[in-house]
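Enquirer: This is the structure alone, sequence omitted:
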């Protein structure tokens, strides 16, 4: 791995770690130093989240629904200003999520994200979640 490739990987790893820690610790402000002001997250199904404030709201909503939410990075692949990351996450459904009232059920699922970085910050993310598995575990239709 060249020095440039190593720096690119370290940059992507720092961004991914900040996102993981923001979710795991329930500290959305951890993303302040890793997202651009005009950050966009493209969600499965066509929705979008705009800006760091919007992404913080997403973290808070997930933590409200799954207070013991734990996310872990499974792998990270980096090339130039792009990266792909796979996550595994678990949590207990103790608050409303996607219109589903709390079930008390423990869930485990995966997600993946494609990242586009500008300098040392994340400018754009395409997030893909295994919603079908999650909905099945919650006892809802996917």
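Expert: Sure, I can see it. Since the structure is predicted, the reported quantities are computational estimates derived from the model, not experimental observations.
Enquirer: who are the neighbours in contact with the residue lying closest to residue 33 once chain neighbours are set aside?
Expert: Once flanking residues are discounted, residue 33 sits nearest to residue 18: 7.0 Å by Cβ to Cβ, 6 or more residues apart in numbering. C-beta coordinates here come from the backbone N, C-alpha and C atoms, glycine included. Residues near residue 18 by Cβ atoms under 8 Å, 6 or more residues apart in numbering: 30, 31, 33, 34.
Enquirer: Looking at the residues you listed, which is nearest residue 90?
Expert: Relative to residue 90, the closest of the contacts of residue 18 is residue 30; by Cβ to Cβ it sits at 19.5 Å.
Enquirer: Now name the helix or strand holding the residue nearest the centre of the chain.
Expert: Centroid check for the chain by Cα atoms, centre = their mean gives residue 19 as the closest residue, at 6.2 Å. Counting by DSSP states H and E, the element that carries residue 19 is helix 3-25.
Enquirer: Buried ones from the contacts of residue 18, can you make that a PyMOL selection?
Expert: With 16 or more other Cβ atoms under 10 Å as the criterion, this PyMOL line picks the buried residues out of the contacts of residue 18:
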select buried, resi 30+31+34
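Enquirer: quick one on the thing from earlier: what mean pLDDT does the helix holding residue 19 get?
Expert: The pLDDT scores in helix 3-25 average 94.
Enquirer: cool, stretch 118-135 as well?
Expert: 95.
Enquirer: Residues in contact with the next helix-or-strand element following the helix holding residue 19: which ones?
Expert: Downstream of helix 3-25, the first helix or strand assigned by DSSP H and E is strand 35-43. Under the criterion Cβ under 8 Å, 6+ apart, residues 48-52, 54-55, 58, 118, 121-127, 129 lie in contact with strand 35-43.
Enquirer: one more time with 6 Å
Expert: 48-52, 118, 121-127 (Cβ atoms under 6 Å, 6 or more residues apart in numbering).
Enquirer: Also stretch 121-132?
Expert: Here stretch 121-132 makes contact (Cβ under 6 Å, 6+ apart) with 15, 34-36, 40-44, 109-116, 142.
Enquirer: Just the buried ones from the residues you listed, in PyMOL syntax?
Expert: Entered in PyMOL, the line below selects the buried ones among the contacts of stretch 121-132, by 16+ other Cβ under 10 Å:
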select buried, resi 15+34+35+36+40+41+42+109+111+112+113+115
